[in-house]
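Student: With the sequence up front, the predicted model follows.
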Amino acid sequence: MKYKDYEGSIEHLILQKLNEIETAEHVKILHAVESGSRAWGFESPDSDYDVRFIYVRPRNHYLELQPKQDFIEWELDETLDINGWDLSKALQHFHKSNATLFEWAGAPIVYYTTPEWQKIYAVAHHYFSCKSSMYHYYGTARKNYHDYLTEVLVKYKKYFYVLRPILACKWIAEKSCPPPVLFQELADQMLAPELKEIVHRLLKAKIQMSESEKAPRIDALNAYIVQELDYYKEAIDAMHDDRTADWGALNDVFIDVIR
């Protein structure tokens, strides 16, 4: 497979690694993106590159009876974190409305994609569940808040790991569709006006700080976070289960791709 040429040494290195994976693992990569803080738009100067990809193996692989590994972990060092999911695993998680997988599908930084992936997502996006996705984002925000933002000194980057999922909940509640991946797009449309200047200053400070650096807690943001967490806990509990039970469309697209 020939990848689109990208400018920049890191991008070229990532594309080289993807080619190595295809050759060594005998797979076809269908979609490869940047995930995590770089995709969200609030990476630190020393953030690594979190590359995620979906791949498919030859048809006979799926017809064999022995247990099989459905993921590939290829690279993990101070610069690169590269791993991928088998198509079968990805489709099973689309059926569950896995929020992280929907983020990979909507990632703003795409290293490589294929017509097969476009066909897959045209089917899979119908399996998006508002309740399931909001529960994921609520849980992420709640855990990160209690783990990282209750001390006197905190890592400013962690605010974005809490604010982004809260704003994602607000987006889903209002629009009933997957939220955008970029934090700034979420903030522009969903953040309370009185907090936008605070968050803007926070973002400017954070991008100049290392991953481990701490600064004084911002009480106005903490109060907003607690309020929103309380609200969405009640709101999500009251929602009906809107997951799609049927597997037919996912089975059909899986068979079509491996054929």
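Tutor: That came through, no problem. Treat the numbers as computed from the prediction; the structure is a model and nothing was measured.
Student: Quick one: residues contacting Ile258.
Tutor: By CB atoms under 8 Å, 6 or more residues apart in numbering, the residues touching Ile258 are 56-59, 62, 87. Using the backbone N, CA and C atoms, a C-beta is placed for each residue, glycine as well.
Student: Please report which of those has the highest neighbour count.
Tutor: Leu87 (25 neighbours; other CB atoms under 10 Å).
Student: ok, now which ones touch that one?
Tutor: Leu87 neighbours (CB under 8 Å, 6+ apart): 30, 54-56, 120, 254, 257-258.
Student: can you check Trp40 too?
Tutor: 160, 164, 181-183.
Student: sorry, back to before: by neighbours, which of the contacts of Leu87 wins?
Tutor: Greatest neighbour count in the contacts of Leu87, by other CB under 10 Å, goes to Ile54: 27 neighbours.
Student: helix or strand right after the host helix or strand of that residue?
Tutor: Ile54 is part of strand 49-56, with elements assigned from DSSP states H and E. Using DSSP H and E, the next helix or strand after strand 49-56 towards the C-terminus is strand 71-76.
Student: what comes up buried for that next one?
Tutor: Neighbour-count burial for strand 71-76 flags 72, 74-75 (criterion: 16 or more other CB atoms under 10 Å).
Student: quick one: contacts for Phe42?
Tutor: Contact partners of Phe42, counting by CB under 8 Å, 6+ apart, are 157, 160, 183, 203, 206-207.
Student: Run through the helices of the stretch 51-200 of the chain in chain order.
Tutor: 87-95, 99-105, 115-124, 130-148, 156-175, 183-190, 193-206 (DSSP state H, counting those that start in this stretch).
Student: Let's have the ones you listed in JSON lines, adding mean pLDDT.
Tutor: Formatted as JSON lines, these follow (pLDDT from 0 to 100):
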{"stretch": "helix 87-95", "mean pLDDT": "98"}
{"stretch": "helix 99-105", "mean pLDDT": "97"}
{"stretch": "helix 115-124", "mean pLDDT": "98"}
{"stretch": "helix 130-148", "mean pLDDT": "98"}
{"stretch": "helix 156-175", "mean pLDDT": "96"}
{"stretch": "helix 183-190", "mean pLDDT": "96"}
{"stretch": "helix 193-206", "mean pLDDT": "89"}
